[in-house]
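Chemist: with the sequence up front, the predicted model follows.
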Amino acid sequence: MVDNEAVSEFAPESALSLLLLGRDADPDSERGVECPGALPPASDPGLAQRAAAAKAALGDSVFILGHHYQRDEVIAFADVTGDSFKLAQQAAAHPEAKYVVFCGVHFMAESADILTSAEQSVILPDLAAGCSMADMANLSQVEQCWADLDSAGVAELTIPVTYMNSTAAIKAFTGRHGGTVCTSSNAERSLAWAFEHGQKVLFLPDQHLGRNTAVRELGMRLEDCVVYNPHRPQGGLSAKQLQDARMILWQGHCSVHGRFTADNVRAVRERIPGITVIVHPECRYEVVDLADVVGSTEKIIATIEAAPAGSSWAIGTELNLVKRLALAHPDKHITYLDASVCFCSTMNRIDLPHLTWTLESLLAGNEVNVISVDADTAHWAKIALDRMLALPGLVQASD
Ligand code: SF4
């Protein structure tokens, strides 16, 4: 039986308030720029037809990647959907595509550029689509942190591990200092590898994924983890705290997954007795601790697809994905973990007007919004990525 109350939470109108995001320049965004040329109005009823016509005319020269958190109007044009790592791999697997249009956020397009050939252009339909988590760790801050570790006498004992959701510059820093990249599903393996090569880990930029993995998967104590605040002298930590810690967590978080609280879990269990709570490991420790199932977006999707009809699920991840899962599985009771909705606002900057503008610009011979990582950064970032790929028994997934 369909839970009309639950499904109604995902009615299409719920997305309308975000349709205006990314329309023009955003002076508050670190990457905000106005698109050159005329961005078609969202009110144009022929937008979907225009995008379809441009895509058809471009043929195999264009390959469109759609992250799971993208809007339905964008996902409708994706040649493949997935998490960030799967999409970067897919881009590399289609060398015939001169243009890879990445409907996701900036760091994802950077990874795709690193993994694709020099003949391919990776394009982000709206350059204002950054990731608030990735932007919580910039290179100068991380270099200062490393200098602080050096002053405390622990830098040479420390292996940096950076989450896929980080800028190319941070991945390159990690590669230069003997570290690796990780995803949300291989973080345990990556951390185990790092502890085989050092005594401590500097985990960037998501403190929650780092803490959840260290404590829940590797059996550390919460006290083994300290949080380095880049806005305070020496991260707000004494030399002794840095020397005693095993996990030095960067003070970064996902603005979507970090919103979920332990009270959300308790409230949904009270509202819907017997419900199963599934959350992403970017959620806070206390949320993950109370949940029944923890996993990447790919794991969440697979779990819901395999769930029996009539089962009830509260999902703690981005709303576009939860909404699509609810609509795709009307035989299951699916609800959002939080009572108030939350999209990833930067993901939502990619919309049909920007996608249409991108495709029509390419058709007219204008390569717009190309994401290009400089050769030195790409070289070291790829070393960090390759270390991850060389880990045995990997299952890759990110957010
Ligand atoms: S959901 Fe979180 S980690 Fe993913 S792009 Fe949005 S802010 Fe970044």
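Modeler: Cool, the structure landed.
Chemist: which secondary structure element contains residue 392?
Modeler: For residue 392, there is no enclosing helix or strand under DSSP states H and E.
Chemist: neighbours of it, how many?
Modeler: Residue 392 sits with 6 neighbouring residues when counted by other C-beta atoms under 10 Å. Where you see a C-beta, it was placed from the backbone N, CA and C, and this is true even at glycine.
Chemist: who in this structure is up against the ligand?
Modeler: Within the chain, the residues that sit near the ligand (C-beta under 6 Å from any ligand atom) are 69, 105, 131-133, 165, 254-256, 318, 344, 346-347, 399.
Chemist: need the residues you listed in TSV with secondary structure and pLDDT, can you?
Modeler: Formatted as TSV, the residues of the chain next to the ligand follow (DSSP: H, G, I helix; E, B strand; the rest coil; pLDDT from 0 to 100):
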residue	secondary structure	pLDDT
69	coil	93
105	coil	95
131	coil	94
132	coil	92
133	coil	95
165	coil	95
254	coil	96
255	coil	93
256	coil	94
318	coil	92
344	coil	91
346	coil	90
347	helix	92
399	coil	68
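Chemist: out of these, which are buried?
Modeler: 69, 105, 131-133, 165, 254, 256, 318, 344, 346-347, 399 (16 or more other C-beta atoms under 10 Å).
Chemist: let me have those residues in JSON lines, extended by distance to residue 218.
Modeler: Below are those laid out as JSON lines (distance: C-beta to C-beta, whole Å):
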{"residue": "69", "distance to residue 218": "28"}
{"residue": "105", "distance to residue 218": "29"}
{"residue": "131", "distance to residue 218": "26"}
{"residue": "132", "distance to residue 218": "27"}
{"residue": "133", "distance to residue 218": "22"}
{"residue": "165", "distance to residue 218": "20"}
{"residue": "254", "distance to residue 218": "21"}
{"residue": "256", "distance to residue 218": "25"}
{"residue": "318", "distance to residue 218": "27"}
{"residue": "344", "distance to residue 218": "28"}
{"residue": "346", "distance to residue 218": "31"}
{"residue": "347", "distance to residue 218": "30"}
{"residue": "399", "distance to residue 218": "21"}
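Chemist: circling back to that earlier point, can you put the residues of the chain next to the ligand in CSV and add distance to residue 362?
Modeler: Below are these laid out as CSV (distance: C-beta to C-beta, whole Å):
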residue, distance to residue 362
69, 24
105, 20
131, 24
132, 28
133, 29
165, 27
254, 31
255, 31
256, 30
318, 28
344, 25
346, 23
347, 22
399, 28
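Chemist: among the buried ones among the residues of the chain next to the ligand, which one lies nearest to residue 79?
Modeler: Comparing these against residue 79 with C-beta to C-beta picks out residue 69 as the nearest, at 17.2 Å.
Chemist: quickly list the domain ranges of this structure.
Modeler: 31-131+346-368, 134-254+377-389, 257-336 (automatic domain parsing).
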